[in-house]
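K.L.:
how would this look folded up:
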Amino acid sequence: MLIGSIRIDPVSDGSILAPPTVLFNKRAEEDWAPHQQFLDENGQLTFEMGGFLIRDGDRTVLVDVGIGPHSDPSRTGIFMKSLDALGVAPADVTDVALTHLHFDHVGWASDGQQPLFPNATYRCHQADWDFFLGHDPFDESLGVQLMGGQRAIELMPVLAERVETWSDDRTVLPGIDVRSAPGHTPGSTVLTVSSGHDRVILLGDVVHCPAELLEDDWEMIGDVDRALAQRTRVALAREFEGTDIPMAATHFPGLRFGRLLPGTGLRQWVFD
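P.N.:
Below you'll find the predicted structure:
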C-alpha cells in the first residue's frame, strides 16, 4: 500500500485456523452464511498474526509485532523472517507502535531481557500500560495457554525506559495519528497513516474479521468490555462506510487492506 511517499507492508507472523463460531457471538452456521468470503473451503476463519511496516524514507515503523517465538512453530513465529524478506533488520526499526498490549501483538517486542529492536522507541496508550502492567495487571493466562506466546507483563517491563505513551488523540510520528478506540482493551487504538489528502486506517483489534464491520451486533470473546467494543466498532463502521478509505487489521487474512461499502441491509466489504 502506497500513500504518497509512505509505503506500508504487511509483516506476517504466521496464522492459525479457527471455527468462527467459537470466536464471536455468532454461534450458528447460518450466521456466517452471508460472510463466506472470509472463510476457507472448510468453513474455517484464518486468524492472521503479525503487524505492519511503515517506511517514509526517514523512519522505519512497526505497528504491532505478532505473537512471537513462544507459540506453535508449525503455524506462527515467522515475524523476523518476514521482516528480513522486506529488507529490514531489527536494528533498522526506529519506532514500534502498539495498538494495544495483548500477548499476540507484543510477542517480538523483547525477549524478556532486552529489546529485540535495539534502536527503537516503543509507543502505546497509557491506559493499556496501566491495565497490563499496573499494580493489578490483567490476566492473559487463558489466551496464552490456548495460543502460545508470552504476556505483556513478561515482555514489556524491560522496555520501560524506551516506552513513550499517549493518552489523547494526536500525531505520534510524521504521517501517523493515533485515535482512542476502547473496548477490546482500555487503550485500544486505531492509527491513521496519511500523506496529503490520502490516508489509510490500521484498525488494530477493534476489528478481527471484516464481517464485524458489516452488521452492528457483533461481539468478540477477546474484548475486555464487549459492550464498549461493540459501540466503538459501530461508530467506526458508520464513519467510514462509503468513504473509499482503505482499512486493514492485524488479524485480517493476509493482513490485506479493503474498503467498506454501503449496502442494503448489510454493508459490504471488498479486499483491495
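
K.L.:
can you pull out the helices in the stretch 1-150 of the chain?
P.N.:
Counting by DSSP state H, counting those that start in this stretch, one finds helices in the stretch 1-150 of the chain at the ranges 79-85, 126-133, 141-147.

K.L.:
show me what the second one is packed against.
P.N.:
Identification of packing neighbours for helix 126-133 by 3 or more C-beta pairs under 8 Å, 6 or more residues apart in numbering; DSSP states H and E yields helix 152-155, strand 163-166. C-beta here means a position set from N, CA and C on the backbone, and glycine is covered the same way.

K.L.:
mind exporting the C-alpha coordinates of the last one to PDB?
P.N.:
By that I understand strand 163-166. What follows is strand 163-166, C-alpha atoms only, in PDB (Å, rounded to 0.1, in the frame of the first residue of the first chain):
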ATOM      1  CA  VAL A 163       8.400   3.500  26.100                       C
ATOM      2  CA  GLU A 164       6.600   6.700  25.200                       C
ATOM      3  CA  THR A 165       2.900   6.600  25.900                       C
ATOM      4  CA  TRP A 166      -0.100   8.700  24.600                       C
END
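
K.L.:
pairing partners for the helix or strand just after it, with directions?
P.N.:
For strand 163-166, the following helix or strand on the C-terminal side (DSSP states H and E) is strand 170-173. Strand 170-173 has the following sheet partners, assigned by DSSP bridges: strand 176-180 (antiparallel).

K.L.:
compute the inter-axis angle for the strand it pairs with and helix 126-133.
P.N.:
Between the direction of strand 176-180 and that of helix 126-133, the angle (axes from the mean of the first three to the mean of the last three C-alpha atoms, to 10 degrees) works out to 70 degrees.

K.L.:
quick one: the strands in the stretch 101-250 of the chain, in order.
P.N.:
Taking DSSP state E, counting those that start in this stretch, the strands of the stretch 101-250 of the chain run over residues 121-125, 163-166, 170-173, 176-180, 189-195, 198-202, 247-248.

K.L.:
export those strands to CSV and append columns for distance to Pro73 and mean pLDDT.
P.N.:
Listed next are the strands of the stretch 101-250 of the chain as CSV, based on distance: least, C-beta to C-beta, whole Å; pLDDT from 0 to 100:
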stretch, distance to Pro73, mean pLDDT
strand 121-125, 25, 98
strand 163-166, 29, 98
strand 170-173, 33, 97
strand 176-180, 32, 97
strand 189-195, 29, 97
strand 198-202, 27, 96
strand 247-248, 26, 98
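
K.L.:
could I get those in JSON lines, plus columns for distance to Ser15 and mean neighbour count?
P.N.:
Compiled in JSON lines, the strands of the stretch 101-250 of the chain are given as follows (distance: least, C-beta to C-beta, whole Å; neighbours: other C-beta atoms under 10 Å):
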{"stretch": "strand 121-125", "distance to Ser15": "24", "mean neighbour count": "23"}
{"stretch": "strand 163-166", "distance to Ser15": "28", "mean neighbour count": "16"}
{"stretch": "strand 170-173", "distance to Ser15": "28", "mean neighbour count": "14"}
{"stretch": "strand 176-180", "distance to Ser15": "26", "mean neighbour count": "18"}
{"stretch": "strand 189-195", "distance to Ser15": "22", "mean neighbour count": "21"}
{"stretch": "strand 198-202", "distance to Ser15": "18", "mean neighbour count": "21"}
{"stretch": "strand 247-248", "distance to Ser15": "15", "mean neighbour count": "24"}
